[in-house]
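**Q** got a sequence here, can you build the structure:
(chains A, B, C, D and E, ligands or ions: 5)
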Amino acid sequence: MNTPLLDVRNVTMRFGGIVANRNVSFSVERGGVTALIGPNGAGKTTMFNCITGFYRASEGQILLDGPNGPQDIGTLITKPITGGSHLVTRAGIARTFQNIRLFKEMSVVENLLVAQHLVTANNLVSGVLRTPAFRRAEREAVDRAYHWLGEMNLTDDANRLAGELPYGRQRRLEIARAMCTGPKLICLDEPAAGLNPSETRELSEVIQRLCKEHGQTVLVIEHDMGLVMRISDHVVVLDHGEVISDGTPEHVGNDPAVIAAYLGVSEEEVEK
Amino acid sequence: MQTNRLLTLAKQALLTFTVSLILFAPISGLVLEGFSFRNELTRAVLLAALVAAGRVALSLVGMTAIGRKIAGKAASNGSGVTVMTGKEKSPALILGLIFLAGLSLPFFADKYFLGIAILALIYCLLGLGLNIVVGLAGLLDLGFVAFYAVGAYLLALGAQYLGLGFWSALIIAPFLAGLCGMVLAFPVLKMHGDYLAIVTLGFGEIIRLVLNNWLEFTGGPNGASVPPPTLFGLEFTRTAKQGGVPLHDYFGIAYSADYKFWFIYLVLFLVVCLVVYAVERLRVMPLGRMWEALREDEIACRSLGVNHVFTKLTAFMLGASTGGLAGVFFAVHQGFVNPTSFTFFESALILAIVVLGGLGSTVGVIAAALVLTILPELLRDFAEYRVLVFGVLMVVMMIWKPRGLVRVQRPAFFPSTAVKGAGTAPLSASPEAVR
Amino acid sequence: MDVYILIQQLFNGITLGTIYGLIAVGYTMVYGVIRMINFAHGDVYMVSAYIAAITLAVLTFFGIQSVPFALISVLVITCAITALYGWAIERVAYRPLRGSTKLAPLISAIGISLMLQSYVQIAQGARDQGVPTLISGAFRFGDGVHFAQITYMQTVILFASLIAMGILTYVINHTRIGRECRAVQQNIRISAVLGVNTDRIISTVFVIGAATAAVGGVLVTFNYGSFNFFIGFVMGIKAFTAAVLGGIGSLPGAVLGGVLLGLTEALFAGYVSTDYKDVFAFALLIILLFFRPYGLLGRPEIQKV
Amino acid sequence: ADTIKIGVAGPYTGANATFGEQVYNGVSTYVNEVNAAGGINGKQVELVKGDDACEPKQAVAVANRFVDQDKVQAVIGHFCSSSTIPASEIYNDAGILEMTPSSTNPTVTDRGFDNLFRGCGRDDQQAVVAAGFILDTLKRDKVALIHDKDTYGQGLVDAVKKTMEERGVQPVLYEGLTRGERDFNALVTKIKSTGANAVYFGGLIPEGGPLVRQLKEQGVDVVFVTGDAFAQTELVAAAGGPANLKDVYYSATPDPLADPSTKGVQDALTKAGVTPANYVLYGYANAQAVVAALKAGEELDAQAAWLRANTVDSAIGKITWDEKGDIKDFKFVFYNFDDKGTPVLVK
Amino acid sequence: MSEAPLLEFSGVRAHYGPVEALKDVNVHIIKGEIVSLIGANGAGKTTLLSSIFGAPRASSGKILHRGEDISRLPTNRISRRGIALVPEGRQIYQEMSVEENMMMGTTPIGMAHFEEDRATMFDLFPRLKERRNQTAGTMSGGEQQMLAIARAMMARPELILFDEPSLGLAPLVVKRVFDVLREIAAMGKTIFLVEQNANHALKLSQRAYVMVNGRIHLSGESAALLDNEDVRKAYLGLH
Ligand SMILES: Nc1ncnc2c1ncn2[C@@H]1O[C@H](COP(=O)(O)OP(=O)(O)OP(=O)(O)O)[C@@H](O)[C@H]1O
Ligand SMILES: Nc1ncnc2c1ncn2[C@@H]1O[C@H](COP(=O)(O)OP(=O)(O)OP(=O)(O)O)[C@@H](O)[C@H]1O
Ligand SMILES: CC(C)C[C@H](N)C(=O)O
Ligand SMILES: [Mg+2]
Ligand SMILES: [Mg+2]
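**A** Ligands and ions are numbered 1, 2, ... in the order given. Predicted coordinates:
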């Protein structure tokens, strides 16, 4: 078996006295959906923040596999002067946020164009003079933006302000925006929150398509167990900052520890 | 109903009257004379009555149908940003006309008017520069005047010590100012929002204070004189002072002090046009978009791989460069620079231009620069009431158009024909998505 | 080095600093609640100086001789009228801008600042005004030649400022109105939904801010004895600097920032150079903010993503 | 035109507004008299106010406006040297007579403009007198030099310093305070620590008044000498009462109002309800000179030549001009204060 | 409907700038009822709730509370009438402690019952008790949601508007929230519930409205809607 795309090794994250993650280890395999679940406050978002470089984990390592072997996220963000979480994105991890963070006063397409700043010819002179190379790059960027808008079923809203969109579409737009960075791994923090069941179903199809058609690796935090069970290949359960269960959806769904801590006895699941 | 209205109106009037009377009575009503005072209370009462009457008049207008319409309109233009539809008519014709009109202005205007036009254009330049920093990148800069000073003093001191001329200063100034921008930006970029504001304010003051205190080098409060500009070695003075030939002698025409103004105006006008073009381009370029994205949400930007420090730095430097450019023109126009031209109030004025124009809007900035430089001149007839009226108008304009004179419009983008429709997702119900 | 000179400079710095602190409180409070830098605050202080002098003149005119009584009535009347100024300015120039961009009220404030200056200049004339010395004398330490002193008036300033600041800090942190102020600061919309009368809270803040400026105005007027329509400008910038130094939004920070600024100025002026004392003060501010981006006592914004 | 326009430029707003007012009051008082007496060669005189707020930027705009829009025939102003210097270039180009009632900085006339006259003294003249006064009359040798970092104040102090150094006296302190501040306690303590027995201050009353007061409050035993900007009635209030003015001296022109020959000026001012402050008199005197010059001819050459050749019997005494445009032998005398704060001539 | 409604929208329209977000909405809620409102994203549910608090103000039509039009009242007066809102996206005071947030909830009625009500809330949400002094902004999403509910309850409102209270909550907590809603209803409070989780909402409520594009599209007994084919397809995700 080849190396996992992302390998989280013994990560601990503390905020003053609060330990949000304690000795967490898990890995994310290429091309699949890994779900991170757990009760509120279990430390899932914190884990995400460590993975995407927003926090520097207090202890442990997070390794992202790349062409030159595994790379430690921690060293990327602590690099002097040039270091920072943006390097993590450049290394191939994109994310969405639990509380939507779009560029509200910019149009939907522009949101996606910002995400592509690395591939467009980012040169002042060529931009002001509109060299052919620059125009080509811009055109490709716009087309790529429209491609992802299409994928997320947002083409209609392309030239609206992002802030005007209803919640659900904003969530999809965030995913589209993250995809525009061309990530190896995309981390979705509660993408289905605020969506109704049929919208959730659409979303799960979108995510599945990402994996199947684009070979995208997805790491997702979600409370909607229906979605999690449907799409994920691998589930990691956190509770009080610790991994309490790790395995296939079936395994986790039947793990008494998980049921006690998180799921409760699910009438809904029974009903279906 | 009717009497009810009248009653509230009367109440309102009375309240306004009382409050304004209390406000006006000490300051307008009792004028200090040494350790005692002179009674001018009637003046205070009159003022208070005036304010109350104004208030009632406003309310009355608000009650009429037209008034309500106006009020409604004023209230509804709250939302600031719109996205263009992509079907707007190209403004090339109008722009061309404006350009020609701008070029031909010297033939119609006298020196006074031209002088104001030059100042207005200088403020356009300043506004455009600060707009990059504040309007686009969202970094509140209260010390912008520092870069303006750098440009101005570059020419003044450069001429004095290094023999720099107008043209070489024009080329060096953006770089030097940009460099200063970078020096300032380093400590500043770690800071957030209003801390940044005060640090930039402090920086602006430091520059001014140093210019003022360093007598041996800068001339301190006495300032430094600036040589008049030259054009290919031709001078605009009556007699050659810089070893060239006076322009009027060369062409064999009569001497006129206006030529210098024409020259400055035309060069400045062209520079402003260039800067406007560049700034407009920036807004649809990756760099400009990153600035705006940073203004909207820094964390999201970082999550997209944007190096926020570097991006802010570029905004600061480009803004500073533009300010430096403006400084050179100011110096050459004045022929003399001293620190009083670079006070905090100047920064505030430039900021007012940017905000009044509508943050991020180039057209707005130009409009506001014209308004805020021409207005004080128009107000000259008010003599010492000038500043008062200017202040009142500033407040009124802000209340009237809180989001600026011109709404920001975002460009529309459409896919190239090659991919049209290709990206339609299977679950989409409406494939003909592109408007 | 003469130790009395050093002590004297410390006294100088601390009294100047408490005054900066008093004015800074107004900036900090307004900023704390509506995140607005109220550039007209310095001019409100200027207006209060005039009101104080006029009130004193009127009292003298009516033959009131008792110094404590005069001082207290001047303080009360000035605070009241200046507070009304604060209220009116907010009502006229800032409230209509609620909910628009953050910078709109800033510009409006600059307009108000120009208006106030110009209004006072026109109404009262541009010349310097003064008040007679009410309280003279000083506590002196040392012998006849070498001594350090703190004047009675400076003592009054110190105590009045500390008391004013103590009361305010208590109000903000421990009373309902203070809590509501903080609530409005963090989320004005939801505060209204929860039943907070946001307009009134904001007005209150302006009123309190103006009143503290008035306390400053009265004390400064009686201490330095002279003023004109332009004194708001320099004081405004200094106090604003103090507020930021201490961490804008924090009341104790404003005081601390003020005192620090005052001390810096006094010591630098005393031992290095008066010319460059402001350069040094601003440089210090920049350096300090570089290492503590939220000022001395400011709390960093929570950045939970 | 059937009227003659004279521009009066100065700060009518901003920190120096009080001076602008005074100059204008002086000028307008005299011009009203002239008009009442039939004007200049039968033409009425019209005054145009130009507010430059002592900012060079506005000064240039005002100058252009005077020249192009208002078409003035002479200018009284500008007030601050920093405004006069850039604005005078424009008047020079346009060939318009200019007389400044207050710009004392040497540069103003040292540039060799033929249209520009100074209706007041020069800083270097005043400084020489002041240095002599401190060293010889008051016999003080430990002098602290304080200025306000402005053209006038610093110019004056620098000139005093130069004169003193030429005479071999080193100042014990040379410092600049910041305009707009009120608290100079730190500076006062520093002065005290140097053991100075005299302070020469170059600056204006808003800073000078509190400085005097704080020197007294801290019990610093020095004489306080300063320039003509202190010849203002508000000094008493600004310094905290007459008691604080005991050892304060300032240099100024001999008080014209004490001179019986200027009775007319006095009456005119009383009639117009103008308090005769320092710059009111300068304004009045400059108006007298300019009107006299305008009477001499319509051309600048004639006007300038007249001024260089004749003596004006003005509100500040009999004045004549040298080639540069400076007043010849501008006289400075010293004033001190009595118990009520009224200035008295130092003999 | 014999009883006069506690809250009634009659012909309400509301705009965001040029966009009409509510188009002639008629909704009524009777005292003691649980009414739910479901609809797709962007249908205008949040707008409907917040128009009660005046943002955006109804541009025409009336919002009647106990028969009085409240659509022009200042926002802060609404909560004094016994209406509380649990807003979308929690909107807790980030920089205040949990307790202070709860204190803010008491604004309309004063602090008289604070201790008592706080105890009740801590029973409902033990997590809050643990974190009572934590700065609210650092709490997890779910914890914040609980706090938002608790805060609204502190005003002892008669009518509580919930805007997606289950958003971002773990399944266990969602269940608890719905249990809490039931308990709250049992206390005699009237509940108006906006939910994406239509299944849960319809099971809880007696009546429901379905909103589409700013209009009320369907309304009726919840049970009936639960069986409605369209509703099942569109909102319950069942085919
Ligand atoms: N910046 C911070 N400072 C202090 N404590 C924090 C911070 N960020 C998170 N925490 C704490 O760490 C714990 C984990 O929070 P986290 O947001 O990771 O939870 P979560 O698993 O994402 O929960 P939810 O599903 O509700 O979003 C919480 O108890 C929270 O209070
Ligand atoms: N501040 C705003 N400015 C402009 N348009 C807005 C604004 N808020 C909402 N809208 C628009 O109003 C419509 C209704 O939005 P609303 O938030 O009420 O929907 P919702 O039903 O609550 O959706 P969700 O389930 O996503 O919360 C949407 O089309 C949205 O785009
Ligand atoms: C400030 C004034 C007294 C003017 C001063 N004489 C100058 O030359 O600027
Ligand atoms: Mg989370
Ligand atoms: Mg909603």
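**Q** so what's residue 40 up against?
**A** Using chain A here. Neighbouring residues of A:N40 by Cβ atoms under 8 Å, 6 or more residues apart in numbering or on different chains: E:R127, E:S140, E:G141, E:G142, E:E143, E:Q145, E:G168, E:L169, E:A170, E:V173. The C-beta positions use only the backbone N, C-alpha and C, and glycine is treated the same way.
**Q** was after chain E, sorry
**A** E:A40 sits next to A:P166, A:G168, A:N196, A:E199, E:V212, E:A234, E:Y235 when contact means Cβ under 8 Å, 6+ apart.
**Q** report the mean per-residue pLDDT for stretch D:193-201.
**A** The average pLDDT within stretch D:193-201 is 91.
**Q** what lies in contact with that stretch?
**A** In contact with stretch D:193-201 (Cβ under 8 Å, 6+ apart) are residues C:2, C:5, C:270, D:130, D:134, D:138, D:140-147, D:153, D:157, D:160, D:172-173, D:191, D:208, D:211, D:215, D:221-227.
**Q** tell me which of the contacts of A:N40 fall in helices.
**A** If you go by DSSP state H, the contacts of A:N40 have E:R127, E:G141, E:G142, E:E143, E:Q145, E:V173 in helices.
**Q** is it true that the first one touches A:A42?
**A** No - using Cβ atoms under 8 Å, E:R127 is not in contact with A:A42; the gap is 11.7 Å.
**Q** look at these two and report which has more neighbours.
**A** Neighbours were counted for E:R127 and for A:A42 using other Cβ atoms under 10 Å in any protein chain shown; A:A42 has more, 27 against 20.
**Q** my read: that one touches A:L238, true?
**A** Yes - using Cβ under 8 Å, A:A42 is in contact with A:L238, at 4.2 Å.
**Q** which stretches of the stretch 201-305 of chain C form strands?
**A** C:226-227 (DSSP state E, counting those that start in this stretch).
**Q** for it, what lies in contact range of chain D?
**A** Applying Cβ under 8 Å from any Cβ of the partner chain, one finds that the stretch 201-305 of chain C approaches chain D through C:220, C:224-231, C:233-235, C:265-267, C:269-270, C:273-275, C:277-278.
**Q** can I get the buried part of those residues as one PyMOL selection?
**A** With 16 or more other Cβ atoms under 10 Å in any protein chain shown as the burial test, the buried ones among those are selected in PyMOL as follows:
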select buried, chain C and resi 220+224+225+226+227+228+229+230+231+233+234+235+265+266+267+269+270+273+274+275+277+278
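**Q** per-residue pLDDT, residue 8?
**A** No chain in the question, so chain A it is. Per-residue confidence (pLDDT) for A:V8: 89.
**Q** to clarify, I was referring to chain C.
**A** We have a pLDDT of 89 for C:Q8.
**Q** and it, how many neighbours?
**A** Other residues near C:Q8 number 28, with proximity taken as other Cβ under 10 Å.
**Q** so it touches C:Q149, yeah?
**A** Yes - when contacts are counted by Cβ under 8 Å, C:Q8 is listed as touching C:Q149 (7.0 Å).
**Q** common neighbours of the two, please.
**A** D:Q218.
**Q** report the buried members of the contacts of stretch D:193-201.
**A** Among the contacts of stretch D:193-201, those classed as buried by 16+ other Cβ under 10 Å are C:5, C:270, D:130, D:134, D:138, D:140, D:142-147, D:153, D:157, D:160, D:172-173, D:191, D:208, D:211, D:215, D:222-227.
**Q** average model confidence for stretch A:68-75?
**A** Taken as a whole, stretch A:68-75 carries a mean pLDDT of 81.
**Q** same question but for stretch C:239-258, I mixed them up
**A** The average pLDDT within stretch C:239-258 is 89.
**Q** got it, and stretch C:45-62?
**A** Stretch C:45-62 comes out at a mean pLDDT of 92.
**Q** now check it, is it near chain D?
**A** No - taking Cβ under 8 Å from any Cβ as the criterion, stretch C:45-62 and chain D are apart, separated by no less than 9.2 Å.
**Q** and if you look at stretch B:305-323?
**A** No - counting by Cβ under 8 Å from any Cβ, chain D is not contacted by stretch B:305-323; separation bottoms out at 15.4 Å.
**Q** what's around residue 78, how many residues?
**A** Just going to use chain A. As a measure of burial, A:T78 has 12 neighbours, counting by other Cβ under 10 Å.
**Q** ah, I was thinking of chain E
**A** Neighbourhood size, E:I78 [other Cβ under 10 Å]: 23.
**Q** check contacts around it.
**A** Taking Cβ under 8 Å, 6+ apart as the criterion, E:I78 is in contact with C:V193, C:G195, E:I52, E:F53, E:G54, E:I70.
**Q** picking that back up, of all the ones in helices among the contacts of A:N40, which comes closest to chain C?
**A** Closest approach to chain C among these (Cβ to the nearest Cβ): E:G141, at 9.6 Å.
**Q** all strands of the stretch 51-200 of chain C, in order?
**A** Using DSSP E, counting those that start in this stretch, strands in the stretch 51-200 of chain C cover C:129-130, C:138-142, C:147-151.
**Q** quick one: residues in contact with the shortest one.
**A** If I follow you right, that is strand C:129-130. Identification of contacts with strand C:129-130 by Cβ under 8 Å, 6+ apart yields B:32, B:34-35, C:50, C:53, C:225-228, D:209, D:234, D:236-240.
**Q** next up, the contacts around the residue in the stretch 151-300 of chain B that chain D sits nearest to.
**A** At 3.7 Å from chain D, B:A257 is the closest residue in the stretch 151-300 of chain B, using Cβ to the nearest Cβ. By Cβ under 8 Å, 6+ apart, the contact set of B:A257 is B:K111, D:I90, D:D93, D:A94.
**Q** please redo it, this time with the cut-off set to 7 Å
**A** Neighbouring residues of B:A257 by Cβ atoms under 7 Å, 6 or more residues apart in numbering or on different chains: B:K111, D:D93, D:A94.
**Q** what ranges do the strands span in the stretch 51-200 of chain D?
**A** Using DSSP E, counting those that start in this stretch, the strands of the stretch 51-200 of chain D run over residues D:74-76, D:97-100, D:116-118, D:143-147, D:173-176, D:198-202.
**Q** of the contacts of B:A257 - the most surrounded one?
**A** Greatest neighbour count in the contacts of B:A257, by other Cβ under 10 Å, goes to B:K111: 24 neighbours.
**Q** find the helix or strand that residue 48 is a member of.
**A** No chain was given, so I picked chain A. Under the criterion of DSSP states H and E, A:F48 resides in helix A:44-51.
**Q** actually, chain E is the one I wanted.
**A** Element membership for E:L48, per DSSP H and E: helix E:45-52.
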